[in-house]
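Trainee: Need coordinates for the below:
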Amino acid sequence: MEKTESEVCLVGVKLLYSKKDYKGAIKAGEDLLPQSSNPQLLSEAHLLLAKCYKGLGDLKSCISCCNSAIEHNSKWKEAFLYRSACFQALHTAYLETDGDTLENIEVDRASADIIVDPNCTPTDVTIAKEEEAKRRLLRRESKKQQIFVAQLDEALRLAEDGQKIFLEAGTYTVSAGASKSLSSYFVFGKNLSLIGASTRDCILLYKKEDADDEASRPKLETFLICAGSGTPTFIKRLTFRNGNPSFVKTKFFGVGGGRVQIEDCLFDGAMSSEVDAVYANSAICGNMASSYPAPHVSLRFCVFDHCQSYGTATFSHSCGDIRSCYFTSCGRSSVTAMDSSKVTVENCEFVQTEQTETTISCTGSDLTVCGSYLQGIQVGQATGCLNSQAIGVTVKSVARVENNYIYKTGTGVAATNSDITCSRNLIYSCSRRYTNSASTSTLGLYSGISIRGQGKVQLVDNLAKQCDVGFYVTEGAMPAVKGNVIDSSFYAGIFAEQGARPNIVNNTFCGGDAASPLQVPRGLGILFILSARGLVGKNMFESYTVSPIMVFTRCHPMLKQNSYVNIQLSEERQASMEATLLEQFHTELQEDSLFYIVDSQGKEEALWEVILKGGQ
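Mentor: Modelled structure (predicted):
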C-alpha cells in the first residue's frame, strides 16, 4: 500500500530527528501539520515535535506539543507517558536551574519598576518619586527610574497599581510576625506583577524565625491577595517553600478577590508537607468581600510537590484554571472545587500517595477535567490499605471528564447525584489487584467509572481495561452508555444494581482470557441484580469463559440484537463465579437467588421477553 504525501513527510521528519537536526525537524513538522486531517498521524507528528523541543531543552514547548498529541488521539498512551517524563524534567529544572532563558530574565529585569535585591543600596524613595513627577509634568521620555529595595514587603507597599516588581536571587521569609494575624506579604486593591530572577534561587520561605512554641504561632500564614479589577496580578518564576511545623496552618497563597495568574513556579512542601498551595475564597476578605471582584486563579506550568494538607489548590465561591501543571506526592486532594465554584483542569499530571482520598474533588460546582494523567501508587509502594479515587463529583455538580488517562488510582471516576459527561478516557487497572485493599466485599471493588443516584449521565467512547468493574451503576442511576470498550474486567464489565436503569448500546465487551499471559480469571460482561433494569442493545460480547450477561429474576432489562463471538463457557469457572455471587449477596438474594444466563443470540431471542416481563 502506497504511503500518502503526509506519511512521506512524517518519515522525513523522523529522519531529521534521528540525525539530531532538531530545528530542521521542527520546521518540517510544522509544515506537515496543515497538510493532514488524520488524527493518528497528527498525534504522532506532535509527539515527534515534542521530542525535538526536548532535545533543544525547551520543556514548556515540549509539554505543549504533547498536549496537542493527546488532543488528537487521547487513547494513545505514549503521549501521556512522554509528557510525564517532561513534567519530571521540568520539576528538576525548577530545582536546579533558573527555569527560563537568560534573555527572558533580562527583559523582565529591565522592564521592572521596582527591583528587590537583599544586597543593594536602597533607593531614596522620596527623591525617586519627585524625579518621576517632574518627568511626567514635563512629558519627558527619559529612561524609567527603577526603585531598588532590600525587602519584598517594602516593594509590595510601594508598588502602585499595574507596576512590576522583580526579585533578585535570595530567600525572603514570609511570616505573620507578632500580630499573629496577617502575613508580612499582602496585596490589597491593586494588581501587580511579581517576577523572580530564578526558580532555583528566588525563594519565599514560610517560616517564623522566632518563638518556636505553638502558643505564640499565628493561626494562619499566607501570602494574601485581594486584587482589584483589570489586568491580573501576575506571579512568575519563584519557589514557595514551607518551613513551618505541622501545627501551623500554612497556605502559600490566599486569594480573596480579583484575578491572579501564576506561572513557572514551584510550590515545595518537601521540608514540611502540612501546607496547601492556593486557597481561593471571597470569604477571606470578610466584610470587605463585596469591595473586590470574585477570586479567579490561573495556574500554568507550575509544579506542586508534597503539598499535603487539606487540598493543594482549593476553590470556594471562585473560579480556577489549572493548565499544564504537575502535582506530585499529592495529599488528600490535589484540586478541590466546592460551593458553586467553576474549575478547569487541563493537561495536568497527578501522582497519588497513601494519603490521597480524591485526587480531583467537586462538590456542588462546575468541573472540567481534560487531557490529564492521573496515576496511583504501584503495588509494593503502599504500606496500608487504600481507598482512593481519581475524580469525585458529588452534590448536584456538573462535570465534563474527557481525554484523560487514569491508571491504578483506586476507583477512576465517581459521580453521585450529579450531571456528568465522560468521553474518550483511557481507564486502566482500577482494581484491588493493584493496591493493598484488604476488603473482599463488594465495597472493596474498584470501578473504572461509578455512577450513583439521579443526574444526566453520558458515558461515551471510553476504554476501561483490567478494572474490577468497568462501569458501576447503582441507586436508580440512568446513564447513557454508548460506544465504549470494556476489556478484561475481573468482576463485571457493567455492574447494575439497586434499581439502576442504564441504557447500554453499541459497546464492545471483551472477556480477555485468551490474551492474558497469566490466565487470570475474568468476570462477567454485564450483571443485573437487585431490581436493576434498562436497555442492552446492539453490543458485542467476545472471548468469554463465563456468562456474558447474567440477570437475576427480579431484574427486567430489555435485551435486543446483541452479538456473541467466541463464547466458550467453562462449567467450573461459571459455577465458582455463581457461588461467589450468592455468597457476597447472601442477604439481598434471600428472595431472589435465581438468575438467567445469556451467552448466545439464540438464548437471547428465547429469553428476552421472559426477562423483560418477569416470567419464570
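
Trainee: helices and strands of this structure: which one bottoms out on pLDDT?
Mentor: Across the helices and strands of the chain, mean pLDDT, DSSP states H and E gives its lowest value to helix 125-137, namely a mean of 62.

Trainee: so what secondary structure elements neighbour the helix or strand that comes right after it?
Mentor: The C-terminal neighbour of helix 125-137 among helices and strands, as given by DSSP states H and E, is strand 147-149. Under the contact definition 3 or more CB pairs under 8 Å, 6 or more residues apart in numbering; DSSP states H and E, strand 147-149 sits against strand 114-116, helix 152-158. Every C-beta, even on glycine, is put in place using the N, C-alpha and C of the backbone.

Trainee: what mean pLDDT would you report for the longest strand seen in the chain?
Mentor: What stands out as the longest strand in the chain, according to DSSP state E, is strand 249-257. Averaged across strand 249-257, pLDDT comes to 92.

Trainee: ranking the helices and strands packed on strand 147-149 by mean pLDDT, which is last?
Mentor: Looking at these, the weakest mean confidence is helix 152-158, a mean of 91.

Trainee: Please name every helix or strand in contact with it.
Mentor: Using 3+ CB pairs under 8 Å, 6+ apart, helix 152-158 is in contact with strand 114-116, strand 147-149, strand 164-167.

Trainee: Just want to check the distance between residue 165 and residue 195.
Mentor: Using CB to CB, to the nearest Å, residue 165 is found at 7 Å from residue 195.

Trainee: can you give me the helices for the chain?
Mentor: Using DSSP state H, the helices of the chain run over 5-18, 22-32, 39-55, 59-72, 77-96, 102-110, 125-137, 152-158, 571-584, 601-613.

Trainee: quick one, which of those is packed in tightest?
Mentor: Of all the helices of the chain, helix 59-72 has the most neighbours on average by mean count of other CB atoms under 10 Å, namely a mean of 23.

Trainee: ok now that one, how far from the chain's centre?
Mentor: Chain-centre distance of helix 59-72: 16 Å, with CA atoms, centre = their mean, to the nearest Å.

Trainee: Quick one: work out the angle between that helix and helix 39-55.
Mentor: Helix 59-72 and helix 39-55 are oriented at 170 degrees to each other (axes from the mean of the first three to the mean of the last three CA atoms, to 10 degrees).

Trainee: Remind me what helix 59-72 packs against, helices and strands.
Mentor: Secondary-structure packing of helix 59-72 (3+ CB pairs under 8 Å, 6+ apart): helix 39-55, helix 77-96.

Trainee: want to try TSV for those, with mean pLDDT as columns?
Mentor: Listed next are the helices and strands packed on helix 59-72 as TSV, based on pLDDT from 0 to 100:
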stretch	mean pLDDT
helix 39-55	96
helix 77-96	97
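
Trainee: could you dump the ones you listed to TSV with distance to residue 312?
Mentor: Below are those laid out as TSV (distance: least, CB to CB, whole Å):
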stretch	distance to residue 312
helix 39-55	26
helix 77-96	14
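
Trainee: closest to residue 6 out of the ones you listed?
Mentor: The closest of the helices and strands packed on helix 59-72 to residue 6 is helix 39-55. By CB to CB, the value is 5.8 Å.

Trainee: ok, residues contacting that closest one?
Mentor: Outside helix 39-55, the residues within contact range by CB atoms under 8 Å, 6 or more residues apart in numbering are 6-7, 10, 13-14, 17, 20, 22-23, 25-26, 29-30, 32-33, 36, 59, 61-63, 65-66, 68-70, 72-73, 76, 78-79, 82-83, 86, 89.

Trainee: low-scoring stretches of the stretch 451-600 of the chain, by residue?
Mentor: Residues of the stretch 451-600 of the chain meeting the criterion pLDDT under 70: 513-520, 586-593.

Trainee: Could you rerun that using 90?
Mentor: For the stretch 451-600 of the chain, the stretches flagged by pLDDT under 90 are 512-523, 530, 553-554, 570-595.

Trainee: Equivalent analysis for the stretch 201-350 of the chain, please.
Mentor: Judged by pLDDT under 90, the stretch 201-350 of the chain has its weakly predicted residues at 207-222, 227-230, 245-249, 282-293, 310, 330-331.

Trainee: what residues are up against the nearest residue to residue 259 once chain neighbours are set aside?
Mentor: Of all residues not flanking residue 259 in the chain, residue 232 sits nearest, at 3.8 Å (CB to CB, 6 or more residues apart in numbering). Going by CB under 8 Å, 6+ apart, residue 232 touches 191, 258, 259, 260, 261, 296, 298.

Trainee: Would you format those as a markdown table with neighbour count included?
Mentor: What follows is the contacts of residue 232, written out as a markdown table (neighbours: other CB atoms under 10 Å):
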| residue | neighbour count |
| --- | --- |
| 191 | 22 |
| 258 | 25 |
| 259 | 22 |
| 260 | 23 |
| 261 | 18 |
| 296 | 20 |
| 298 | 17 |
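
Trainee: Out of those residues, which comes closest to residue 461?
Mentor: The shortest approach to residue 461 among the contacts of residue 232 belongs to residue 298, at 29.6 Å (CB to CB).

Trainee: What's opposite the closest one in the beta bridge?
Mentor: Beta bridges link residue 298 to residue 261, residue 321 when assigned by DSSP bridges.

Trainee: wait, what's in contact with it?
Mentor: If a contact means CB under 8 Å, 6+ apart, then residue 298 has 232, 259, 260, 261, 262, 320, 321, 322, 323 as its contacts.

Trainee: which residues does the fifth one contact?
Mentor: In other words, residue 262. Residue 262 sits next to 235, 236, 253, 278, 297, 298, 299, 300, 302 when contact means CB under 8 Å, 6+ apart.

Trainee: Most neighbours of all those, which one?
Mentor: The most crowded member of the contacts of residue 262 is residue 278, carrying 28 neighbours; neighbours defined as other CB atoms under 10 Å.

Trainee: Return the set of residues that bridge with it.
Mentor: Assigned bridge partners for residue 278, using DSSP bridges, are residue 253, residue 313.

Trainee: Tell me if I'm right that it and residue 256 touch.
Mentor: No: in this structure, residue 278 is not within contact of residue 256 by CB atoms under 8 Å, at 12.0 Å.

Trainee: circling back: mind putting the contacts of residue 262 into a markdown table with distance to residue 458?
Mentor: Listed next are the contacts of residue 262 as a markdown table, based on distance: CB to CB, whole Å:
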| residue | distance to residue 458 |
| --- | --- |
| 235 | 38 |
| 236 | 39 |
| 253 | 36 |
| 278 | 31 |
| 297 | 29 |
| 298 | 28 |
| 299 | 29 |
| 300 | 30 |
| 302 | 32 |
